[in-house]
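Student: The following comprises the amino acid sequence and a computationally predicted model.
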Amino acid sequence: MSNNCNIFRPKIQQQFSDLKRDLSNVSEDEWRNVPEVGDARNRKQRNPRAEKFTPLPDSVLSRNFGGESTNTIDPSSGLASMVPGVTTPGMLTPTGDMDLRKIGQARNTLMNVKLSQVSDSVTGQTVVDPKGYLTDLQSMIPTYGGDINDIKKARLLLKSVRETNPNHPPAWIASARLEEVTGKVQAARNLIMKGCEVNPHSEDLWLEAARINPSDTARAVIAQAARHIPTSVRIWIKAADIEIETKAKRRVYRKALEHIPNSVRLWKAAVELENPEDARILLSRAVECCPTAVELWLALARLETYENARKVLNKARENIPTDKQIWTTAAKLEEANGNHHMVEKIIERAITSLSSNGVEINREHWFKEAIESEKGGHVHCCRAIVKAIISYGVEPEDQKHTWIEDAENCITQGAYECARSVYNHALATFPGKKSIWLRAAYLEKNHGTRESLEGLLQRAVAHCPKSEILWLMGAKSKWLAGDVPAARGILALAFQANPNSEEIWLAAVKLESENREYERARRLLAKARGSAPTPRVMMKSAKLEWSLNDLKAAQKLLEEALKVFPDFPKLWMMTGQIYEQENELSKAFDTYNAGIKKCPNSIPLWVLLSKLEEKRGLLIKARSVLEKARLKNPKNDMLWLEAIRIELRAGMKDIANAMMAKALQECATSGPLWSESVFMEARPSRKTRSVDALKKCEHDPHVLLAVSKLFWSERKISKCREWFQRTLKIDADLGDAWAYWYRFEQLHGTPEQQEEVKQRCLAAEPHHGELWCSVSKDIKNVGLNTEQILSTVAKEVVIPV
């Protein structure tokens, strides 16, 4: 059945199968030339021609309006009807002429009138201010950008509130502000004035009305307000603010004070407009009307002469016996007039009087008063307050701790005289406390004079003769001032008080060495070895000989020392370095090996041995040394850092990166490792690495220094300077940071900025830092001072790129 169907009704592909076979003979060019189906078929239906509408010219319109009218319909138009109709006579009425030419002339005339209004009648020059014109246009545009429906809802709600409770001023104010925001300023003014009529005794409504209205209208509004509420201080102050001339302002305030004579605010505002003489007269009246206003009494006292000021303050104390400010002002007055002996009496009387009148004596408030007195230049008043208040309410067992805390708070706020007074009182109570003497000495060192420091230290060693550091500070102060004999004298007295003190022996040796008195230094060290043969004394003895290039004597001293102190690593290090200097590398190797056996926890010894192997060209052995060191001292970041640097020096960057990853896993909070890793990254990745470093070591100076260098490499000058300051705020003893900052200022700063960095470095006296120690501890640089070391290290720092 299906076969018959296919025969009688074949499918389309079967009908054309024989023709499809012939398509294989069609060439490529013939295929390309076959026309597209449908290009010419139904084109009009698919692409209808756009209709065009052309406006008729004015002449045709005018001709039609002015032409004849007809009451017949053209039959060909198709509008003829077989139904009979009635011709309406009204349709025959002419419509009148609309002359469009005259309309254009009228428009031009109106424009000429407007232009003549803004033109100069003499020169014809335009006086239109284009900026002002645009501003006026802008002001006409509502600035509210919200939904219009929200405005309508708000308007309805506020209207309902006003109608429900017309005596509620905030409803009127809110309504006016809504209209103002939406650009309807006049509606806002009308609303607020209506509110003022309904609520004539509302301050807020009148003030809002004055604000919304222009200045001329506001003046009338505020005058009306003053008639309704003559006792409103805010209304009178607003009335004075509206006035432009000072004379008018004075007149307003005088009238206001007639209605409200007890308003301190009005008196103060009125006094500010007067000259000193008139102000004094006004204040005399003001204190009569407001006898409890402390500010008015004090202002009057400042304008009076010394004798009258004393009377004013006495009268003020009678009227206000509970205010401490009157007492402190009286004390400052006496100090300003040279009556220093009266200051302490007044403050003591103040404490007594205030206590008897039931006033709580708050130590914190009085200390604030003392700090303000010092900042105002009233030093005697500040001292008197501290003396009177320091022991108030403090238990004997808490005195030392509390007073030290008070002094530190004063130093933090820059009140050094207050801190000095606190320490003086504390030392009078606890003369044998070395810690208080030290704090007082550091205060004088940082914020006082050399004379005050030396005077304090003389008193200190008299009370604490066994305190070595106090003797040493005194000797150093004399030495820095260039008075070497006085420094020697202090150290001699220190020897008497502390005959076997290692610190004093070494300080005496340093004093002689710095002044190139090497024979004296040798003799002192010989005596010290006899009386106090400590490892440091032996080391300093050997170092002195080494610095004088007497290597044999240095080696002999070190050999003797190692027999007695084999567990002191610096002796092994010095011995090995001397052998390296003599190029006896095998002896140096043996020394370091012996040293790490005796001192396996000395990281510098392991690093020196590794560097020696690297120097000898034995890179594998250098790696092996550091691996052994890490086994003996796990989780030591400096050993990891040296191992990474060995790979970098050998050009093995991939190995170094792998080691850095392991190191950061083992020592996740190591600042030196993170800072090294930042600059091991490719330049685009450094910023991301620095962010990771800051997350792990937020307060590590090495990381902050790395960030500073990163900003330097990007030439972000201000940020770089800011991060250098942050670094040194955390650790001012890091010499490398000072050297980098100094070098940065040499390249990008002014001479003043360079000098500031140098002076701050000299004050900090840094002693740590990899680069800093490589210079300061180099035997060739013995005797260099801080400034010379700073300059040397700054020349050696690598500029980050």
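Tutor: Nice, thanks for sending it over.

Student: Going by C-alpha atoms from here, please, whenever you check contacts or count neighbours.
Tutor: Fine.

Student: what's in contact with stretch 244-264?
Tutor: The set of residues that contact stretch 244-264 without belonging to it, under CA atoms under 8 Å, 6 or more residues apart in numbering, is 230-231, 233, 236-237, 239-241, 243, 266-267, 269-270, 273, 286, 289-290, 293, 296.

Student: please redo it, this time with the cut-off set to 10 Å
Tutor: Contact with stretch 244-264 is made by 226, 230-233, 235-243, 266-267, 269-274, 285-296, as judged by CA atoms under 10 Å, 6 or more residues apart in numbering.

Student: next structured bit after the one helix or strand Pro485 maps to?
Tutor: Remark: Pro485 resides in helix 484-497, with elements defined by DSSP states H and E. Sequence order places helix 502-514 as the next helix or strand after helix 484-497, per DSSP H and E.

Student: which other helices and strands contact that next one?
Tutor: Contacts defined by 3 or more CA pairs under 10 Å, 6 or more residues apart in numbering; DSSP states H and E place helix 502-514 against helix 468-480, helix 484-497, helix 518-531, helix 535-547.

Student: how about those in TSV, adding mean neighbour count and mean pLDDT?
Tutor: Rendered in TSV, the data for the helices and strands packed on helix 502-514 read as follows (neighbours: other CA atoms under 10 Å; pLDDT from 0 to 100):
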stretch	mean neighbour count	mean pLDDT
helix 468-480	20	90
helix 484-497	18	89
helix 518-531	16	87
helix 535-547	21	90
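
Student: which one of those lies closest to Ala650?
Tutor: Between Ala650 and the helices and strands packed on helix 502-514, the tightest spacing by CA to CA is seen for helix 535-547, at 32.7 Å.

Student: Is it possible to get JSON lines of the helices and strands packed on helix 502-514 that adds distance to Arg280?
Tutor: Output for the helices and strands packed on helix 502-514, formatted as JSON lines (distance: least, CA to CA, whole Å):
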{"stretch": "helix 468-480", "distance to Arg280": "54"}
{"stretch": "helix 484-497", "distance to Arg280": "59"}
{"stretch": "helix 518-531", "distance to Arg280": "73"}
{"stretch": "helix 535-547", "distance to Arg280": "74"}
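
Student: what is the rounded mean pLDDT of the strand or helix carrying Ile347?
Tutor: Applying DSSP H and E as the criterion places Ile347 in helix 340-356. Averaged across helix 340-356, the pLDDT comes to 88.

Student: which residues sit against it?
Tutor: Contacts made with helix 340-356 from outside it, assessed by CA under 10 Å, 6+ apart, are listed as 321-335, 359-361, 379-389, 392.

Student: Quick one: buried ones out of the residues you listed?
Tutor: Burial by neighbour count, judged by 16 or more other CA atoms under 10 Å, picks out 321-324, 326-335, 361, 379-389 from these.

Student: for the next helix or strand after the helix holding Ile347, packing partners?
Tutor: Per DSSP H and E, helix 340-356 leads on to helix 363-375 as the next helix or strand towards the C-terminus. Helix 363-375 sits against helix 324-336, helix 379-389, helix 399-412, helix 416-429, with contacts defined as 3+ CA pairs under 10 Å, 6+ apart.

Student: Switch those over to TSV, and while doing so, append distance to Asp147 to every line.
Tutor: Converted to TSV, the helices and strands packed on helix 363-375 look like this (distance: least, CA to CA, whole Å):
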stretch	distance to Asp147
helix 324-336	56
helix 379-389	63
helix 399-412	55
helix 416-429	61
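
Student: Relative to Gly482, which of the ones you listed is closest?
Tutor: helix 416-429 (26.8 Å).

Student: and that closest one, what's its mean pLDDT?
Tutor: What helix 416-429 shows for mean pLDDT is 93.

Student: same question, stretch 253-260
Tutor: What stretch 253-260 shows for mean pLDDT is 87.

Student: if we can go back for a sec, for the helix holding Pro485, which outside residues touch it?
Tutor: 458, 461, 464-468, 470-481, 498-499, 501, 504-505, 507-508, 511-512, 515.

Student: how about the helix holding Ile347: buried residues?
Tutor: Along helix 340-356, the positions that meet the burial threshold by neighbour count (16+ other CA under 10 Å) are 340, 342-344, 346-348, 350-351, 353-354.

Student: Mean pLDDT per element in the protein, and the minimum belongs to which helix or strand?
Tutor: helix 130-140 (a mean of 52; mean pLDDT, DSSP states H and E).
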